[in-house]
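Enquirer: Make a model of this:
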Amino acid sequence: MTRTLLLLAAVAAVVAVGLFWVLTIPQTVSESALGAHKPNLDNGRTLFFIGGCASCHATYGDKDPSKLGGRMTLETPFGNFYPPNISPDPDYGIGRWTEVQFVSAMTKGTADDEHLYPVFPYPSYQRMTTNDLRDLFAFLKTLPKVTNTDTMPPQEGGPTFPFNIRRFIGLWKLLFLDGLPFQPDPQKPDDWNRGAYLVNGPGHCAECHSPRNFLGAIKSGMRFTGGPTPDGKDWVPNITQYSLGKWSESDIAEMLATGKIPGDRVGGAMVDVVRNTAQLSPEDRQAIAVYIKSLPPVQGLSPPRQQ
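Expert: Down below sits the predicted model:
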């Protein structure tokens, strides 16, 4: 009897491992899914700024936002992460990448047949259209090549166990990556839909302005309600009408253009965000404002009291 139970347990373990391996295979986009496309560099530039690419991927120690050498430290509860070089350099960056590889990274969170950690906000980028992603890729290729050197800081304190096992990210994706592109609401005006796309797709605003569960995914029903910064040292504000009820669309658009808010100016990481959104067209900033103003009031978590 004991021998039979052990045999059954062994078989169950083998089946479980096999099932885990199959379910967590890194997914990619097929080349046939792309089709013909003529890149629009102006659109790519817009997506570069709304996506805040330089905010994470700028070269460590270099103030030029067009040099995307990466390696700046991003502290999180799961360990430190180091955004990679995404400049067109063929050896240190993504200069040898194809469009298929880029679209797969942005929508599937997959590169070099491995899962990318969702600290890279592909749960939002998956909402982007394929043509927008291809325009962004084309724009990135126009930026300076960056060769990483020994002056870069050492990568210390990486993801802790079990998060350092990338295959487990496949399970995370099964739970939290739905693979759905943005769907416009036919009942809403064009500017609302444009704003909704920019905020929920390339702008990935909810990735910072939402609290996270113990697995690092946005808490259901609490998008845009604010929460602690990834390093736990500050607090990101609630941007639903619970907190912004007295703000007008003009106030939001002005903040995105100049950093001015009613009675003050933005601070912290939002300074970098405004540096990017200031490069957008007035129409896009207004569209974002229209959408943000439409977010229903949700209380969310309360920031810790200052000592």
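Enquirer: Residue 252 touches residue 295, doesn't it?
Expert: No - look at residue 252 against residue 295 with CB atoms under 8 Å: they stay out of range, at 10.7 Å. The way it works is simple: take the backbone N, C-alpha and C, and place the C-beta from them, glycine included.
Enquirer: shared neighbours, those two?
Expert: residue 244 (CB atoms under 8 Å, 6 or more residues apart in numbering).
Enquirer: how about residue 280, secondary structure?
Expert: Put simply, residue 280 is coil when judged by DSSP: H, G, I helix; E, B strand; the rest coil.
Enquirer: Retrieve the pLDDT associated with it.
Expert: You'll see residue 280 listed with a pLDDT of 97.
Enquirer: try residue 12
Expert: pLDDT, read off for residue 12, is 68.
Enquirer: Find the nearest non-adjacent residue to residue 274, please.
Expert: residue 259 (4.3 Å; CB to CB, 6 or more residues apart in numbering).
Enquirer: Low-confidence ranges, the stretch 201-307 of the chain, go.
Expert: Within the stretch 201-307 of the chain, the segments meeting pLDDT under 70 span 305-307.
Enquirer: all helices for it, in order.
Expert: Ranges of helices in the stretch 201-307 of the chain, per DSSP state H, counting those that start in this stretch, are 205-208, 241-244, 249-258, 270-277, 282-294.
Enquirer: List the buried residues in the fourth one.
Expert: So the one you mean is helix 270-277. Neighbour-count burial for helix 270-277, counted by 16 or more other CB atoms under 10 Å, picks out 270, 272-274, 276-277.
Enquirer: ok, now the third one?
Expert: The neighbour-count criterion (16+ other CB under 10 Å) identifies 249, 251-257 as the buried residues of helix 249-258.
Enquirer: Just give me the closest of those residues to residue 165.
Expert: Taking CB to CB as the measure, residue 165 sits nearest to residue 256 out of those, at 39.4 Å.
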